[in-house]
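[1] Need a 3D model of the following:
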Amino acid sequence: MRRTAARIPGTTALLALLTATALTAPSPGAAAATATATALTRTAAGTERLAAVSEAVLNAEVDGTAWYVDRAGGRVVVTADSTVSPAALAELVHAVGPDAPALTVQRVPGRFTPLLAAGDAVYGGRYRCSLGFNVADGGAHYFLTAGHCGNVAATWYADGAHRTAIGPTLASTFPGHDYALVRYDNEALDHPGGFTSAPDAYVGEAVTRTGSTSGTHTGTVTGLDATVRYTGGGTVRGLIQTDVCAEPGDSGGPLYEGDKALGLTSGGSGDCTTGGTTFFQPVNAALTAYDVSVY
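    Numbers count the residues shown, from 1 in each chain. Presented below is the predicted three-dimensional model:
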C-alpha cells in the first residue's frame with residue numbers, strides 16, 4: 001500500500017514566502033562585505049579630514065609649533081612653545097575652521113629651535129654639532145649629522161681649533177628634511193660602528209639620545225611623522241617627536257634603541273635640567289637619500 005505524505009495547510013504559501021526571502025535578503029557574506037566597505041569609506045574620509053587639518057595647521061605659518069597626526073585617536077596633536085601667543089594660537093584654530101574639534105593643543109616651555117651652538121665635538125666654521133652615525137658605501141666611510149649643521153660648514157674638524165680635519169660636507173638638506181653626509185678623508189681617524197639596523201621608530205618606544213653638549217639621556221617616542229616650524233629656522237616634516245631632553249650643540253647626535261639606529265637630533269625646546277621636547281630626523285630617510293648603510 002503506497003503511503004501519501006500528509007499535506008500541511010498553508011504549505012504553498014509558506015514555501016513562497018521562504019523563496020521570496022531567500023531571493024531578496026542579503027547573504028551573510030554580502031552583509032559583511034557591505035559593512036567592511038562602509039568602514040573603509042569612513043576610515044578614508046577620516047584620514048582625509050586629518051590630512052586636511054594638518055595642512056591647515058601648516059598653512060597657518062605659526063612659528064614655534066609642531067604637530068603630528070594621531071590616526072588611532074582621530075586627532076592632530078599640536079605642541080606650541082612659549083613664543084606662541086594666545087592670539088597666534090587663536091589664528092591657528094581659526095585656520096582649521098569647522099574641523100577645529102579634531103585639534104589637541106598642548107604647551108611646552110622654551111623655544112623650538114635647531115640645536116646648533118658654537119663649542120665642542122665635531123666642528124665646522126663657527127659651529128659645533130654632534131656626529132650621528134658612521135655609515136659606509138662599499139669601502140668608503142662617512143658620517144651623518146643634521147642638515148642644518150651641514151648647511152653652515154663645508155669642512156668638519158675633530159677639534160675646535162680646526163687642526164684635525166675630518167672631511168667635507170658632501171650633501172646637506174634643510175629645511176624640509178634635516179640630514180647631511182660628511183666624508184672621512186683623514187685616514188688617521190677611527191670610525192667605529194656598532195649598529196645593525198635602522199628600523200622605523202614607534203610610539204611608546206623607549207629610546208636613548210647622545211649629544212656632545214648634554215651627554216646621554218633616555219625617554220620615549222611620543223609621536224611620528226611630526227612637522228615642526230622652528231622659530232626663525234624653517235619647517236621640517238616627517239620627524240620623530242620625543243620627550244628626551246637635548247641642548248644646543250646636540251644637533252646631529254644619534255637617537256637609538258640598543259643596536260638599532262633610529263634618528264638624528266634635529267631640534268626642540270627645554271634643556272636637560274628641566275626636561276623638554278626634542279625632534280629627530282628618521283635616519284632611514286638619510287640612508288636612502290645617500291645610498292649608505294649603518295654598521
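[2] just checking, Ala289 touches Leu170?
    No. Using CB atoms under 8 Å, Ala289 is not in contact with Leu170, being 11.4 Å away. C-beta: built from backbone N, CA, C; applies to glycine.
[3] Would you map the helices across this protein?
    Using DSSP state H, the helices of the chain run over residues 11-24, 28-60, 86-96, 147-150, 283-290.
[4] Where does the prediction get shaky in this structure?
    When residues are selected by pLDDT under 70, those of the chain lie in 1-45, 116-120.
[5] what's the domain layout of it?
    The chain breaks down into these domains under automatic domain parsing: 28-107, 110-295.
[6] Redo those as a markdown table? Include mean neighbour count.
    A markdown table is the format used below for the domains of the chain (neighbours: other CB atoms under 10 Å):
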| stretch | mean neighbour count |
| --- | --- |
| domain 28-107 | 15 |
| domain 110-295 | 20 |
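[7] who's in contact with Ser82?
    Residues in contact with Ser82 (CB atoms under 8 Å, 6 or more residues apart in numbering) are 64, 107-111, 269.
[8] Can you spell out which helices and strands pack onto the longest strand seen in the chain?
    Ordering each strand of the chain by length in residues (DSSP state E) puts strand 215-230 first. Packing partners of strand 215-230 (3 or more CB pairs under 8 Å, 6 or more residues apart in numbering; DSSP states H and E): helix 28-60, strand 65-70, strand 206-211, strand 234-242, strand 260-271, strand 275-282.
[9] and Gly176, which of those is closest to it?
    strand 234-242 (6.6 Å; CB to CB).
[10] Identify the residues contacting that closest one?
    By CB under 8 Å, 6+ apart, the residues outside strand 234-242 that reach it are 58, 66, 68, 79, 148, 174-178, 201, 207, 209, 219-230, 255, 262-263, 266-267, 277-282, 285.
[11] CA atoms of that strand as PDB?
    What follows is strand 234-242, C-alpha atoms only, in PDB (Å, rounded to 0.1, in the frame of the first residue of the first chain):
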ATOM      1  CA  GLY A 234      62.400  76.700   8.700                       C
ATOM      2  CA  THR A 235      59.900  73.900   8.600                       C
ATOM      3  CA  VAL A 236      60.800  70.200   8.700                       C
ATOM      4  CA  ARG A 237      58.500  67.300   8.100                       C
ATOM      5  CA  GLY A 238      58.400  63.600   9.000                       C
ATOM      6  CA  LEU A 239      60.100  63.900  12.400                       C
ATOM      7  CA  ILE A 240      60.100  61.600  15.400                       C
ATOM      8  CA  GLN A 241      58.800  63.500  18.400                       C
ATOM      9  CA  THR A 242      60.100  62.500  21.900                       C
END
